[in-house]
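Visitor: got a structure for you, letters missing:
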């Protein structure tokens with residue numbers, strides 16, 4: 001397997017790329033401990049996509065937000081350090097970008113559900129992209145649903161994505 005740059009993802013999906021196999025690294029939620037992976041991968045010339053939840057980044061109490069919206073039952077054998085349950089800051093995200101990594105949207109609050117009203121769905125999907133683009137001065141071209149995609153999106157969600 002060869003690492004695939006997020007920049008080359010479209011080439012592969014359109015068949016404009018040499019035969020693989022390839023892998024792409026992704027990380028969800030924007031946990032503070034992701035800085036370690038970003039530095040490690042960058043030192044090896046590997047780029048990843050970090051899917052970020054803007055309300056988590058801006059939460060006054062990151063750990064409480066994490067437990068409420070992202071992982072209600074953290075495994076304390078694994079999630080046992082502060083950086084395992086708290087978000088990266090906007091400055092941390094700028095560091096990821098400076099290391100050559102990409103930022104994707106993971107919804108505003110990590111609560112996207114296909115049963116939400118249209119305004120809530122738009123807030124989760126569209127506003128997340130806008131906030132990330134405004135705060136980080138980048139184009140956001142990647143999206144990851146926060147839960148099992150078939151359970152958290154419907155046709156309306158898919159169209160907005």
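Guide: The structure has been received and is ready for your questions. Computed from a prediction, not measured in an experiment: that's the story for all the values here.

Visitor: got a pLDDT number for residue 41?
Guide: According to the prediction, residue 41 has pLDDT 96.

Visitor: same check, this time on residue 45
Guide: Note on residue 45: pLDDT of 94.

Visitor: burial count for the residue lying closest to residue 84 once chain neighbours are set aside?
Guide: Counting by C-beta to C-beta, 6 or more residues apart in numbering, residue 33 is the residue found nearest to residue 84 once chain neighbours are left out, at 5.4 Å. Yep, even glycine has a C-beta here, placed from its N, CA and C like the rest. By the criterion of other C-beta atoms under 10 Å, residue 33 has 15 neighbours.

Visitor: Which residue ranges of the protein form helices?
Guide: Shown for the chain, the helices assigned by DSSP state H span residues 9-13, 34-43, 54-57, 62-65, 90-98, 118-122, 128-136, 149-152, 155-160.

Visitor: just checking, what packs against the last one?
Guide: This points to helix 155-160. On a contact count with 3 or more C-beta pairs under 8 Å, 6 or more residues apart in numbering; DSSP states H and E, helix 155-160 meets helix 118-122.

Visitor: Could I get the buried residue list for the helix it packs on?
Guide: Residues of helix 118-122 classed as buried: residue 121 (neighbour count, 16 or more other C-beta atoms under 10 Å).

Visitor: And that helix, how far out from the chain middle?
Guide: 19 Å (C-alpha atoms, centre = their mean, to the nearest Å).

Visitor: what about the nearest residue to residue 48 once chain neighbours are set aside, distance to residue 44?
Guide: Excluding the flanking residues, the one nearest residue 48 by C-beta to C-beta, 6+ apart is residue 25, at 3.7 Å. Going from residue 25 to residue 44 by C-beta to C-beta, to the nearest Å gives 11 Å.
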